[in-house]
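*Asks:* sequence below, structure please.
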Amino acid sequence: MNASSLEFLKAFLATSTPSGFESEGQTLWKKRTGQFADSAGVDVHGNVIAVIGKGARTRVMLAGHCDEIGLMATYIDDNGYIYFGTIGGIDAAVLPGLRVRFLGKGGVTGVIGRKPIHLLEKEERDKPVDIKGLWIDIGARNRADAAKRVQIGSAACVVADYTELLNGRVASKAWDDKAGAFVVSEAMRLVGAERKRLKVAVYGVSTVQEEVGIRGAITSSYGVEPQAAIAIDVGFATDAPGIEKKTAGDVSLGKGPILHRGPNINVKLNDMLEQAARKRRIKVQWGAEPRITGTDADALQVSRGGVATALVSIPNRYMHTPVEICALTDLERAAELIAEALLAMPEKPDFTPY
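*Replies:* You can find the predicted model right below:
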C-alpha cells in the first residue's frame, strides 16, 4: 500500500469516533482527503463532503461511514464505578476485561470490570453476559472523583491497537467502517490524479451515525442530490469457523472486494463496477442481498426522487468486536475499481434499469 495512505489508515483507525462523536476522525479525514479535492467541507450533521469536478452535469456520491460502535456513561455509583449503555450493536460477551478511553480533552482510560469467575454462582455462569453486570473502572476513589473526569453522557471507545498479522491481514477496532471511509478517500486520491479523464462530479463523503440508523447518509445525500451513489462498507467474511455459507455467502479475506446483487442495487451502475474490475484485472467476490443491505446504500437509494445505488464491501472477520480483521489488498482493490468506474463514466450516463 502507498506509504502515505498506510500512515493515514493507521492514524484514522486509532481515532475514536462513536456515533454522534465523530469529530476526531472527521478532522483527520477532511485534512487528508481535502488534499485531493477541489473543496472539502462539513455539514451541520457532521458529514465531511469532498468534491472533485463540481459543476458537471452528473453527480456521483461515494459514502463510507466513519462512526464506530461505542459506550456511553449512564450512571456513576458511590464508589466511582461507571455503568454504561452501548452506542450501536455490541455483543456484551466480548466486553469484560477490555480497556476503554473516554472522549474529550484529557480523556481518561478505564477497564471494563465484571465479578471474577471464582465468585459467580452456578446460575450466573450459565447465563449469557448481561451488560447490566458490567461496569467501567477508571480508578476513581468515589463518585465525586469519577465525576471530575466523566460526565453522564460521556462517550467511550475500546482501546485496540492496529495489529499486523500474517499475509497482509490486520486486526483493529473500527474497521467497520473506517475501512469504507478510507476507501472513499483513496478513490478520491486516485481520481484526483487523473482528473483530466473525469466527466462527472465526484462527491466523496465520510458519513456519520450509520451505526444508529444510517442517519448521516440520509442528510448528506439529500444535500448532495446525486444521480448515482456507491456505498462502501464492510461485509461478512465467511472463511472463519462456524459460519453457514449457504445463508451468509462464500467470502474470504484477500480475495477482493465484494459486489452485491439485490433490490438495493442498480443494475447498470453495478455493471460499470464489474467492467472496471475486469479492465483493471481486479478479482471480486459476490454477495446476495435479497432485501435491503443494512448499509448507507439503503438511504442513498431512496433519497429525494431516487438514486442509482451500488454497494462495495470489504471482507471483515469478527465484525463489531475489538479485533476485526481485514486484508489490506482488499481495501486497495476496492479503491482502484471504484476510481476506474468513475473515470470511465460518460458525461450523461443512463441509470434507468430498463
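*Asks:* going forward, measure contacts and count neighbours with C-alpha atoms only.
*Replies:* OK.
*Asks:* distance from the lowest-mean-pLDDT helix or strand in the chain to the middle of the chain?
*Replies:* The weakest-scoring helix or strand in the chain, judged by mean pLDDT, DSSP states H and E, is helix 122-125 (a mean of 79). Taking Cα atoms, centre = their mean, to the nearest Å, the mean C-alpha location of helix 122-125 is offset from the chain mean by 36 Å.
*Asks:* residues in contact with the helix or strand that it is followed by: which ones?
*Replies:* Later in the chain than helix 122-125, the nearest helix or strand by DSSP states H and E is strand 135-137. For strand 135-137, the surrounding residues in contact (Cα atoms under 8 Å, 6 or more residues apart in numbering) are 80-84, 110-114.
*Asks:* cool, and stretch 265-278?
*Replies:* Contacts with stretch 265-278, where a contact means Cα under 8 Å, 6+ apart, come from 228, 259-261, 283-284, 308-311, 337-338, 340-341, 344-345, 350-353.
*Asks:* show me which of the residues you listed are buried.
*Replies:* 228, 259-261, 283-284, 308-311, 337-338, 340-341, 344-345, 351 (16 or more other Cα atoms under 10 Å).
*Asks:* local confidence estimate at residue 102?
*Replies:* Confidence per residue is given as pLDDT, and for residue 102 that number is 97.
*Asks:* hang on, it packs against residue 157?
*Replies:* Yes: using Cα atoms under 8 Å, residue 102 is in contact with residue 157, at 6.6 Å.
*Asks:* what are the bridge partners for residue 135, then?
*Replies:* Note on residue 135: beta-bridge partners by DSSP bridges are residue 113.
*Asks:* and it, how far is that from residue 92?
*Replies:* Counting by Cα to Cα, to the nearest Å, the gap between residue 135 and residue 92 amounts to 11 Å.
*Asks:* same check, this time on residue 249
*Replies:* 26 Å.
*Asks:* which stretches of the stretch 151-300 of the chain form strands?
*Replies:* Using DSSP state E, counting those that start in this stretch, the strands of the stretch 151-300 of the chain run over residues 155-158, 163-164, 169-172, 201-207, 228-236, 258-261, 285-288.
*Asks:* note down every partner strand of the first one and its orientation.
*Replies:* With DSSP bridges as the test, strand 155-158 is paired with strand 70-76 (antiparallel), strand 99-102 (antiparallel).
*Asks:* which among the ones you listed is found nearest to residue 238?
*Replies:* Proximity of the strands paired with strand 155-158 to residue 238 was assessed by Cα to Cα; the nearest stretch is strand 70-76, lying at 24.5 Å.
*Asks:* what mean pLDDT does that closest one have?
*Replies:* Here the mean pLDDT over strand 70-76 is 98, rounded to a whole number.
*Asks:* again with stretch 25-37
*Replies:* 98.
*Asks:* sec struct for residue 315, please.
*Replies:* For residue 315, the secondary structure call by DSSP: H, G, I helix; E, B strand; the rest coil comes out as strand.
*Asks:* pull the contacting residues for it.
*Replies:* Applying Cα under 8 Å, 6+ apart, the residues contacting residue 315 are 234-237, 251-254, 256-258, 326-327, 330.
*Asks:* mind listing the helices for the stretch 201-350 of the chain?
*Replies:* Taking DSSP state H, counting those that start in this stretch as the test, the helices found in the stretch 201-350 of the chain are 215-224, 245-248, 267-279, 296-301, 328-344.
*Asks:* packing partners of the longest one?
*Replies:* Applying 3 or more Cα pairs under 8 Å, 6 or more residues apart in numbering; DSSP states H and E, one finds that helix 328-344 makes contact with helix 175-193, helix 267-279, strand 308-316.
*Asks:* show me which positions of the second one end up buried.
*Replies:* Translated: helix 267-279. 267-270, 272-277.
*Asks:* if we can go back for a sec, so which of the strands paired with strand 155-158 comes closest to residue 208?
*Replies:* Closest approach to residue 208 among those (Cα to Cα): strand 70-76, 13.5 Å.
*Asks:* show residues contacting that closest one.
*Replies:* Where contact means Cα under 8 Å, 6+ apart, the residues beyond strand 70-76 that reach it are 18-19, 82-88, 143, 146-147, 150-158.
*Asks:* what about 6 Å?
*Replies:* Among residues not part of strand 70-76, those counted as contacts by Cα atoms under 6 Å, 6 or more residues apart in numbering are 18, 82-87, 152-157.
*Asks:* report the buried members of these.
*Replies:* Taking 16+ other Cα under 10 Å as the criterion, what is buried in the contacts of strand 70-76 is 18, 82-87, 154-157.
*Asks:* please identify the deepest-packed of the strands of the stretch 151-300 of the chain.
*Replies:* Neighbour counts (mean count of other Cα atoms under 10 Å) averaged over each of those peak at strand 201-207, with a mean of 29.
*Asks:* tell me the strands beside that strand, with direction?
*Replies:* For strand 201-207, the pairing partners within the sheet under DSSP bridges are strand 48-52 (antiparallel), strand 59-65 (parallel).
*Asks:* as JSON lines, the contacts of strand 70-76 with pLDDT and distance to residue 216 would be great.
*Replies:* Output for these, formatted as JSON lines (pLDDT from 0 to 100; distance: Cα to Cα, whole Å):
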{"residue": "18", "pLDDT": "98", "distance to residue 216": "13"}
{"residue": "82", "pLDDT": "98", "distance to residue 216": "29"}
{"residue": "83", "pLDDT": "98", "distance to residue 216": "28"}
{"residue": "84", "pLDDT": "98", "distance to residue 216": "24"}
{"residue": "85", "pLDDT": "97", "distance to residue 216": "22"}
{"residue": "86", "pLDDT": "97", "distance to residue 216": "19"}
{"residue": "87", "pLDDT": "97", "distance to residue 216": "15"}
{"residue": "152", "pLDDT": "96", "distance to residue 216": "24"}
{"residue": "153", "pLDDT": "96", "distance to residue 216": "21"}
{"residue": "154", "pLDDT": "96", "distance to residue 216": "21"}
{"residue": "155", "pLDDT": "97", "distance to residue 216": "19"}
{"residue": "156", "pLDDT": "97", "distance to residue 216": "20"}
{"residue": "157", "pLDDT": "96", "distance to residue 216": "20"}
